[in-house]
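1. predicted model and sequence follow; I will ask about them next.
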Amino acid sequence: MLIGQLTGVDIADVHDEYGAALEQVVTAKLEGLGWAEPPEPQPAINLMQALEDSIRQARRGEQ
């Protein structure tokens, strides 16, 4: 009620995605269900190399 009065936001319109996801995890755990493993992380992009490559390509296009 205090948040609604101070900010003018109707708290019923606010959706808590973290809370909903946590509730799903707890429910699955209580029911003995598992969940899918997260995907393998992708290798990081070398931003400096990508920038250098982009500059080389742009210079070739100008000549």
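-> Arrived safely.
2. remind me which residues of this structure are low pLDDT?
-> 1-6, 8-9, 11, 62-63 (pLDDT under 70).
3. in it, which spans are helices?
-> 2-7, 17-30, 47-62 (DSSP state H).
4. reformat those as TSV; add distance to residue 37.
-> All C-beta atoms are positioned from the backbone trio N, CA, C, and that covers glycine. As requested, those are exported to TSV (distance: least, Cβ to Cβ, whole Å):
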stretch	distance to residue 37
helix 2-7	37
helix 17-30	14
helix 47-62	28
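5. just put those helices in JSON lines and tack on mean neighbour count and distance to residue 40.
-> Formatted as JSON lines, those follow (neighbours: other Cβ atoms under 10 Å; distance: least, Cβ to Cβ, whole Å):
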{"stretch": "helix 2-7", "mean neighbour count": "9", "distance to residue 40": "40"}
{"stretch": "helix 17-30", "mean neighbour count": "10", "distance to residue 40": "21"}
{"stretch": "helix 47-62", "mean neighbour count": "9", "distance to residue 40": "21"}
